[in-house]
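*Asks:* fold the following.
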Amino acid sequence: FCRLQEIAGRVEKCFFNPWATCSDSPDYKLALISTMIDCVQTCWTQGVYLPSLAHRFWKLTLQIVSRYITWITALGNNEVSNALLNT
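*Replies:* Numbers count the residues shown, from 1 in each chain. This is a model prediction of the structure:
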């Protein structure tokens, strides 16, 4: 259970500064994206994943994806609102 909280905490921490660039991954420009992908992969790696807790790892994976979708949606809504206010 502590491991799940640790993984979720890493993702949430990235949302405090979502525009931080990623210096340790050539594949992603934003540390947020890199961290999210790393956390999802961590859920399912040998030594972390436990079959008896599969439902919790699956739930955490869905929560990470949902958190990102919520953030992107809010960002898009903010952009639309700003565009409407400036016209």
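
*Asks:* CA only for contacts and neighbour counts going forward, please
*Replies:* Fine.

*Asks:* three-state assignment of the closest residue to residue 48 other than its chain neighbours?
*Replies:* Excluding its sequence neighbours, the residue lying closest to residue 48 (CA to CA, 6 or more residues apart in numbering) is residue 42, at 6.9 Å. Put simply, residue 42 is helix when judged by DSSP: H, G, I helix; E, B strand; the rest coil.

*Asks:* buried residues in the helix or strand hosting residue 56?
*Replies:* Following DSSP states H and E, one finds residue 56 within helix 54-85. By neighbour count with 16 or more other CA atoms under 10 Å, helix 54-85 contains the buried residues 56, 57, 60, 61, 64, 67, 68.

*Asks:* so which of these is the closest to residue 17?
*Replies:* residue 68 (13.4 Å; CA to CA).

*Asks:* so the residue nearest to residue 48 makes contact with residue 57?
*Replies:* No. Counting by CA atoms under 8 Å, residue 42 does not reach residue 57; the two are 9.6 Å apart.

*Asks:* rewinding a little: I'd like the buried residues of helix 54-85 written out as TSV, with pLDDT and distance to residue 20 added.
*Replies:* Listed next are the buried residues of helix 54-85 as TSV, based on pLDDT from 0 to 100; distance: CA to CA, whole Å:
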residue	pLDDT	distance to residue 20
56	94	29
57	95	27
60	96	23
61	97	22
64	96	18
67	94	17
68	93	15
